[in-house]
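**Q** Return a 3D structure for these sequence lines:
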Amino acid sequence: MQDVLIRPFRASDAPWLVMQHGLLYARDEGFDETFAPLVHSILTDFVAWHDPTRERGWIAERAGERLGSIFCVALDDKTAKLRLFLLMPQARGLGLGKRMLGTCMAFARSAGFTEMRLWTHESHEAACRLYRASGWHLLNSKHVHSFGVNLVEQSWKIQL
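**A** You can find the predicted model right below:
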């Protein structure tokens, strides 16, 4: 994975990211058609309103092929939120997720945040193992019905 570039997100990446979230979450999690519009809304707001000194997105890319994404956005003055962490199936299990998470967390620290939070689902076992191994702590879990399926939502945090 040394040949993978982790580059800044560009607005032109948004359609690809919305499509991949919709396709992969439908295939792997059974999510319905309400999920991709949520991703679209998140990205539309990011493109229009993000503060580039404190908020960033990245795309992992190899030879022009996009392999994943990760975003850091502000929750408040001291807390950042990790969002839209996605790895394409062909890029999983190769250490790229760890690299991307490290990039995002290092940026959050350099931007002055003292804590990060994230929201995920219990079914994302590999991501949850990565969070735990990187020092994140599970805050809570709850059963929900979202995007047409029953899920266990999780909230995580880390002190930076």
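**Q** what's the neighbour count on the residue nearest to residue 85 when sequence neighbours are not counted?
**A** Closest residue in space to residue 85, ignoring its immediate chain neighbours: residue 70 at 4.7 Å, by C-beta to C-beta, 6 or more residues apart in numbering. Using the backbone N, CA and C atoms, a C-beta is placed for each residue, glycine as well. Residues contacting residue 70 under the criterion other C-beta atoms under 10 Å number 26.
**Q** Checking residue 70 next. Helix, strand or coil?
**A** Here residue 70 is recorded as strand under DSSP: H, G, I helix; E, B strand; the rest coil.
**Q** and it, what is it in contact with?
**A** Counting by C-beta atoms under 8 Å, 6 or more residues apart in numbering, residue 70 touches 57, 58, 82, 83, 84, 85, 86, 100, 101, 103, 104.
**Q** pLDDT value on the first one, please?
**A** Model confidence at residue 57, given as pLDDT, is 98.
**Q** so what's it bridging to?
**A** residue 71 (DSSP bridges).
**Q** quick one: low-confidence ranges for the protein?
**A** 1 (pLDDT under 70).
**Q** now the strands for it?
**A** Using DSSP state E, the strands of the chain run over 5-8, 56-62, 65-74, 79-87, 115-121, 137-146, 149-159.
**Q** next one: the third one to chain centre, how far?
**A** To tie it back to what came earlier, the one meant is strand 65-74. Relative to its parent chain, strand 65-74 has a centroid offset of 6 Å by C-alpha atoms, centre = their mean, to the nearest Å.
**Q** how big is the angle separating that strand from strand 115-121?
**A** Here the directions of strand 65-74 and strand 115-121 differ by 130 degrees (axes from the mean of the first three to the mean of the last three C-alpha atoms, to 10 degrees).
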